[in-house]
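Chemist: Got a sequence here, can you model it:
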Amino acid sequence: MKLKLFFASMSVLGLVSSPALAATPKHKHHHHHHQHHHMVTHQTVAAHPDYKDMGNLQAPVEVCTINQNTVILDGMTQSVGRSLPNPCNPGWFNRVQFSGGVNVDVGKWGNRNANIMGQNYQRLALNDAYLNVSASVNDWTKAFASLSYGNPTTNANPAAFKNWGAAEYNAAYANNINGSSANLIQLEQAYATFSNFEVSPIFVQVGKQFQDFGRYEIHPISESLTQVMTKTLATSIKAGFITNGFHGSIFAFDDPINKIGNSAKPTNYGVALGYDQINDQLGWDVGAGYLYNMIGVNDIAYNVVNFTTTSGYNHRVGGYSLYGDVNSGPFTLGARYVTANRFSAADLPKNGVADLTGGTIAGAPTLVAGATGAKPWAAGLQGGYGFNAWDKNQNVYLGYQTSHEAAGLDLPKNRWLAGYDVDMWKSTDLGVEWAHDMAYNLSQGGTGKNTNLVSLRAGVKFS
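Modeler: Numbering: from 1, shown residues only. Predicted structure coming up:
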């Protein structure tokens, strides 16, 4: 036994190797334990070889160790404790998965100057090209990261829309709260999940992710009015549970902008509860969420900055969201609702720019006498029908959306939406969507105009 312990110890130190230990090499940095990168070949003999049977002598076994100089070099580059490429871990491909996709908006017809939040007006735009990486680290730990690039409408020319503030497709994508027009490769999401649902219904997530406030599709052709008022992307910590279809969570994160007079961004939090019954024949879900401060919603923070002109906000307001979906055979129906408490007039006036002197955000505007804060809400209902024709899966959908006191968020009063998409080939989808938007009238902070926008989308997925 002592002899076995001796050889095991020497093997860990890289001096002697045994097949049993070579089967599970690891690359970890510890202060008192160094392993090596270089491939070293050792000849290992059976514990009790029979000299008459030389076949008991095992063939040379390749054992991977990590060179001490490499470990020292990692320390010199401040990389101790990091997960580094490991040649001693040939089974990585069993635990790491890759997937991705490309969504290209290849055409825009109609009014491309309506200045509505959540709409992409670029004639040709790489709306979203993404690469997802997930890893099953062990039974209790999983990791996910998403790299994304896109160049839809950003605040590239704010002067052109100073009367209403320049709307964007997605202020959350590059945390574009203060008007940067850069389109870069973004680490859109990156978080770790600690859970083992075979043992416990509890989970914890830490990292950058979209928060559990409302339900929506990431990077759609057009963001719904409720998505603009719920989309919250932030680095957070979240704890929750999932059991028998019931699920809930509580999460905390820092707001994207400061409160005026504070040097640090306040910490926000939210809670969510829901139930999902997944079934192709008859399935449904329902859920509700609460957000302590609606400034945490990226697109709301973006528009509040337009009014305050100080890159901050004055007062906190809470908000609530509701969602529900049902599917039966080829039919689907979904409903969304989100509302906020009343904002400070200095952060978001009830009638948007109509409550500012001169009816413009330009310069240093002041509130007109008697102006009050907005209490915005948005709602939407959308139905779809899926079918197979010409050996291709297809879908048509129709929706209606409406809002209240949301002109300051660059949202229309009402919207009709219709679309069609087809799986043209494997993992290749083509779609067309028409949006008919009816703006708030001039006295309520809108343009008073009706606009139409037709968009084409080509999407490819791979895994």
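
Chemist: Run a quick neighbour tally on G419.
Modeler: 21 (other C-beta atoms under 10 Å). (Glycine included, C-beta is placed from N, CA and C.)

Chemist: and it, what does it touch?
Modeler: By C-beta atoms under 8 Å, 6 or more residues apart in numbering, the contact set of G419 is I221, V396, Y397, G431, V432, E433, W434.

Chemist: likewise D255?
Modeler: Listed by C-beta under 8 Å, 6+ apart, the contact partners of D255 are K265, P266, T267, N268, N293, I295, G296, A301.

Chemist: Toward the C-terminus from the host helix or strand of the fourth one, list the very next helix or strand.
Modeler: Here N268, judged by DSSP states H and E, is contained in strand 267-277. Scanning the chain past strand 267-277 towards its C-terminal end, the next helix or strand to appear is strand 283-291 (assignment: DSSP H and E).

Chemist: Can I have the buried ones of the contacts of D255 as a ChimeraX selection?
Modeler: Only the buried entries of those go into this ChimeraX selection, using 16 or more other C-beta atoms under 10 Å:
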select :265,266,268,293,295,296,301
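
Chemist: Which two of the contacts of D255 have the greatest separation?
Modeler: Pairwise distances across these (C-beta to C-beta) peak at 14.7 Å, for the pair T267 and A301.

Chemist: Go through the contacts of D255 and name the one nearest G408.
Modeler: Using C-beta to C-beta, A301 comes nearest to G408 of the contacts of D255, at 12.6 Å.

Chemist: Looks to me like the closest one is in a strand.
Modeler: No: counting by DSSP: H, G, I helix; E, B strand; the rest coil, A301 is not part of a strand but helix.

Chemist: Settle this for me: it is touching V317, isn't it.
Modeler: No: look at A301 against V317 with C-beta atoms under 8 Å: they stay out of range, at 11.9 Å.

Chemist: which neighbours do those two share?
Modeler: Both A301 and V317 are contacted by I295, under the criterion C-beta under 8 Å, 6+ apart.

Chemist: can you list the domain ranges for the protein.
Modeler: 2-76, 97-462 (automatic domain parsing).

Chemist: Comparing those domains, which comes out most buried?
Modeler: Ranked by mean neighbour count, these are led by domain 97-462 with a mean of 18 (mean count of other C-beta atoms under 10 Å).

Chemist: now that one, how far from the chain's geometric center?
Modeler: Relative to its chain's centre, domain 97-462 lies at 10 Å (C-alpha atoms, centre = their mean, to the nearest Å).

Chemist: that older thread, mind putting the domains of the chain in a markdown table, mean pLDDT and distance to C88 included?
Modeler: What follows is the domains of the chain, written out as a markdown table (pLDDT from 0 to 100; distance: least, C-beta to C-beta, whole Å):
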| stretch | mean pLDDT | distance to C88 |
| --- | --- | --- |
| domain 2-76 | 47 | 4 |
| domain 97-462 | 91 | 16 |
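
Chemist: With L84 as the reference, name the closest of these.
Modeler: domain 2-76 (6.5 Å).

Chemist: before we move on, back to that, need the residues that contact the strand holding N268.
Modeler: Strand 267-277 is touched from outside by 211-213, 232, 234, 240, 245-255, 283-293, 295-296, 323, with contacts defined as C-beta under 8 Å, 6+ apart.

Chemist: What distance do you get for L381 to T402?
Modeler: L381 is 9 Å from T402, where distance means C-beta to C-beta, to the nearest Å.

Chemist: now swap in A239 and tell me
Modeler: With distances taken as C-beta to C-beta, A239 is found 35 Å from T402.

Chemist: Then N327?
Modeler: Counting by C-beta to C-beta, the separation of N327 from T402 is 24 Å.

Chemist: Over to I260?
Modeler: For I260, the distance to T402 - C-beta to C-beta - is 32 Å.

Chemist: for this protein, what spans make up the helices?
Modeler: 2-12, 19-22, 68-76, 225-228, 298-308 (DSSP state H).

Chemist: K375 contacts N341, doesn't it?
Modeler: Yes: K375 is within contact range of N341, at 6.7 Å (criterion: C-beta under 8 Å).

Chemist: biggest separation within the contacts of G419, which pair?
Modeler: Pairwise distances across those (C-beta to C-beta) peak at 14.2 Å, for the pair I221 and V396.

Chemist: mind checking the longest strand of this protein?
Modeler: Criterion DSSP state E: the longest strand present in the chain is strand 96-110.

Chemist: Would you map the strands across the stretch 201-350 of the chain?
Modeler: Ranges of strands within the stretch 201-350 of the chain are 202-210, 233-243, 246-254, 258-259, 267-277, 283-291, 312-313, 319-328, 331-340, based on DSSP state E, counting those that start in this stretch.

Chemist: picking that back up, which one of the contacts of G419 is nearest to L453?
Modeler: Nearest to L453 among the contacts of G419, counting by C-beta to C-beta, is W434 at 7.4 Å.
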